[in-house]
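*Asks:* from the sequence below, what's the structure:
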Amino acid sequence: MTKPLEGLKVVELGQLIAGPFAGKFFSEFGAEVIKIEPPEGDPLRKWRKLHRGTSLWWYVQNRNKKSVTVDLRTPEGQEVVRRIARDADVVIENFRPGTLEKWGLGYERLAAQNPGLVMLRLSGFGQTGPYRDQAGFGAIGESMGGLRYVTGFPDRPPVRPNLSIGDALAALHGVIGVLMALRHREADGGKGQVVDVALYEAVFNMMEGALPEYDVFKELRERTGSNLTGIVPSNTYLTRDAQHVVIGANADSIFKRLMNVMERADLAEDPSLSDNAGRAKRADELDRAIGEWTARHDVEDLLRILSDAQVPSGKIYSMADIARDAQYLARDMIRQVRLKDGTPLKVPGIVPKLSATPGDIEWSGPELGEHTAAVLAAQGYSAGEIAGLKERRII
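*Replies:* Just a heads-up that it's a prediction; the model follows:
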C-alpha cells in the first residue's frame, strides 16, 4: 500500500523535542526521514527512563527514521549535509536562529542548489523580532503564549502540564505549514519557502477568545482550577472510590438531563438556570450539588448512569487506564513493537487515521549512525571517502 508521503525526502536537523516530533509525522506516513545527529547522538537518547542505555521516549519520537551522524561544526560535516539536502523536499531544524547560517546551512545557501526546498524552522521566538536571538524552550513558549497563566488554581502559582506541550504544538503547526508549502510548490511553479514557527505563537494560537475579551472588556482570563471560565457546569468531580470524573453538561438540554438524573428537578426546571449565562452566576452552587451527588457513587456506576442519561463524562485516565482501555485498543492506539534485543514495547499508535493510506510503524527507531554509510553512498560518496570521514570523526 502506498503511503501519502512516499517519495518525499526529509532531512531532520533538530534535536530533542519540537523538530523530531515534526519529523515523526512525516516518517509515519511514508516519507524518508534522515535524522542528522551529532556523533554523540541526540540528547533525547539519554532522557528519562533508559532501557539498556537508550531512552524509551526515543522509540516514540524517532520511529521509522534513518540515523546519520555528522559533526555540523566542521566544514566537511556541513558539506555532507549540503549534499544530502540537494535532492531533499524538506529540511527541519530547531536550532537558535542564525545557527544554520553560521554553519553555511541556511535556507538561502541550500535553496541555491535546491530551489524547491521547504525548510521548517522551529524556534522559541521565530526568525525575526527583538527576541529572535534569545534561547526559548517549550516552557518559555507556554509561559509567553499565555497557557501557563490560565493553568492551575486561582490561589496558587501557575503550573505546567507534565508534558512538553509547547514543543508539540509548535511541531504540529510546523507540519501543517510544510504540507501547505508542498502543496503550493506542486501547484504554483515549483518554488520552496521557509515555514517559520515560533513556540510562543503556536501556544498563543490556542488561546481562544482571551485576547478580544481583554481588548473589549479588559477582562483577563484567570486560573480557575478544574473548571472552564464562564461555561457551567464543566468541571471535575470526586467519586466515592476516590476517582476523578469530568462532567460537561453546559448545553441547556444536557444540563436538564443531568439535574433530572440527580433527582434535582428543582434545578432542572429553574428558569434562571435555563441558559449558560444564568448558570455561570451560580457556578459554585451547581458544582457543590454535582460534587455531593458524585461522591455517593463509585466511578463505574457513575459513568454508567451518566452515559445512560447521555451526559458527556469521563474518568481522568492514568497511563495504566489508557494501556488497557477498550477504545484505545479498538482503534489500534496501543501498538507493540520489538526492540532489537527482542524486548516487546508498547508505544502510541498513529494519528491521524487515514482510511485509504494509513500511516504505520516500520521500525522502532534507529541505532546511532545506523544509516550513515548507506545514506552517504546514495549521495555519491565512495567507500574510501566514507571511511576517511569516519576516521576523522566527521561522521
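*Asks:* gap between the residue most central in space within the chain and Tyr328?
*Replies:* In the chain, the centroid-proximal residue (C-alpha atoms, centre = their mean) is Ala168; its distance is 2.7 Å. To Tyr328, Ala168 is 19 Å away according to C-beta to C-beta, to the nearest Å. All C-beta atoms are positioned from the backbone trio N, CA, C, and that covers glycine.
*Asks:* quick one on the thing from earlier: the spatially closest residue to the residue nearest to the centre of the chain that is not a sequence neighbour: what's it in contact with?
*Replies:* Spatial nearest neighbour of Ala168, chain neighbours left out: Phe21 (5.7 Å); criterion: C-beta to C-beta, 6 or more residues apart in numbering. Phe21 is in contact with Gln61, Asp167, Ala168, Ala171, counting by C-beta atoms under 8 Å, 6 or more residues apart in numbering.
*Asks:* helix, strand or coil for Phe21?
*Replies:* When classified by DSSP: H, G, I helix; E, B strand; the rest coil, Phe21 comes out as helix.
*Asks:* now the one 5 residues further on
*Replies:* At Phe26, secondary structure determined by three-state DSSP is helix.
*Asks:* so what's it scoring on pLDDT?
*Replies:* pLDDT, Phe26: 98.
*Asks:* residue contacts, it?
*Replies:* Neighbours of Phe26 in contact, by C-beta under 8 Å, 6+ apart: Leu5, Leu8, Val10, Val33, Val90, Val175.
*Asks:* run the last query once more with 10 Å
*Replies:* 5, 8-10, 12, 32-33, 64-65, 89-90, 92, 120, 175, 178-179, 359 (C-beta atoms under 10 Å, 6 or more residues apart in numbering).
*Asks:* same check on His244?
*Replies:* Contacts of His244 (C-beta under 10 Å, 6+ apart): Ser226, Thr236, Tyr237, Leu238, Thr294, Val299, Gly314, Lys315, Ile316, Tyr317.
*Asks:* hmm, Gly192 is touching Gly116, no?
*Replies:* Yes. If you go by C-beta atoms under 10 Å, Gly192 and Gly116 touch, sitting 4.8 Å apart.
*Asks:* quick one, which of the two is more surrounded?
*Replies:* Gly192 (22 against 16; other C-beta atoms under 10 Å).
*Asks:* mind checking pLDDT for that one?
*Replies:* For Gly192, pLDDT reads 97.
*Asks:* A helix includes it, no?
*Replies:* No. Going by three-state DSSP, the assignment for Gly192 is coil, not a helix.
*Asks:* quick one: it from Thr128, how far?
*Replies:* From Gly192 over to Thr128 (counting by C-beta to C-beta), the distance is 19 Å.
*Asks:* what of Thr69?
*Replies:* For Thr69, the distance to Thr128 - C-beta to C-beta - is 32 Å.
*Asks:* tell me which of the two has more neighbours.
*Replies:* Thr69 (23 against 10).
*Asks:* not counting its neighbours along the chain, what's nearest that one?
*Replies:* That would be Gly369: by C-beta to C-beta, 6+ apart, it lies 3.9 Å from Thr69.
*Asks:* check which helix or strand covers that neighbour.
*Replies:* Secondary structure from DSSP states H and E places Gly369 outside every helix and strand.
*Asks:* any idea of the pLDDT on the nearest residue to Val311 once chain neighbours are set aside?
*Replies:* In this structure, Val311 finds its nearest non-sequential neighbour in Leu258, 4.9 Å apart by C-beta to C-beta, 6+ apart. We have a pLDDT of 98 for Leu258.
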